[in-house]
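Undergrad: mind looking at a prediction? Sequence and model below.
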Amino acid sequence: MRAVVQRVSRARVTVSGEVAGEIGLGLLVLVGVGRDDTRADADHLVEKTIGLRIFEDAGGKMNLSVADVGGALLMVSQFTLYGDARRGKRPSFDAAAPPEQARELYEYFVEKVRAAGLRAETGRFQESMHVELVNEGPVTILLDSAKRF
């Protein structure tokens, strides 16, 4: 699994003009599921995401997690994180999981975040969405459960 994690002061996702999910301070997490991913990958990515110390402490050092600052997470499924544009200019998405598998692991990811006691908002799986955010810092971290980066 892959995630793009952005520290935000606010973020929201809309579908057909209707707000599907919205947060203030916290993390916008774009989540991609690969063909070979399992629940173990999701568990690893959840632990890493909610444990990231990317919020500033009283001394201005990035030393606090989203839970430490009382933040929330807005999680948006994004299969394009598995886009491969190494050849040509049209990305291939062959490494992305099929929709049924991706939905199951994405929903599992969201459940695990909620089970950790954090407020979790979402987009809508397999829908065309508009994502708005104010990235603080800016801080953007790339995560991959296979530790490719």
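TA: Noted; the coordinates are in hand.
Undergrad: and for Asp84, the neighbour number?
TA: Other residues near Asp84 come to 12 when the count uses other C-beta atoms under 10 Å. Where C-beta positions appear, they are placed from N, C-alpha and C, glycine not excepted.
Undergrad: leaving out chain neighbours, which residue sits closest to it?
TA: Ser92 (4.8 Å; C-beta to C-beta, 6 or more residues apart in numbering).
Undergrad: mind checking how far that neighbour is from Asp144?
TA: Distance of Ser92 to Asp144, computed by C-beta to C-beta, to the nearest Å: 18 Å.
Undergrad: again with Lys48
TA: Applying C-beta to C-beta, the value for Lys48 to Asp144 is 10 Å.
Undergrad: how about Ala120?
TA: 21 Å.
Undergrad: ok, those two, which is more surrounded?
TA: Ala120 (22 against 17).
Undergrad: A helix includes that one, no?
TA: No: using DSSP: H, G, I helix; E, B strand; the rest coil, the assignment for Ala120 is strand, not a helix.
Undergrad: that one and Phe109 touch, don't they?
TA: No: between Ala120 and Phe109 there is no contact under C-beta atoms under 8 Å: 9.3 Å.
Undergrad: number of nearby residues for Leu142?
TA: Other residues close to Leu142 by other C-beta under 10 Å number 12.
Undergrad: thinking it is in contact with Val29, fair?
TA: No: with contact defined as C-beta under 8 Å, Leu142 does not count as touching Val29 (11.3 Å).
Undergrad: residues that sit against both of these two, list them.
TA: 3-5 (C-beta atoms under 8 Å, 6 or more residues apart in numbering).
Undergrad: which ones among those are found in helices?
TA: Of the shared contacts of Leu142 and Val29, none are assigned to helices by DSSP state H.
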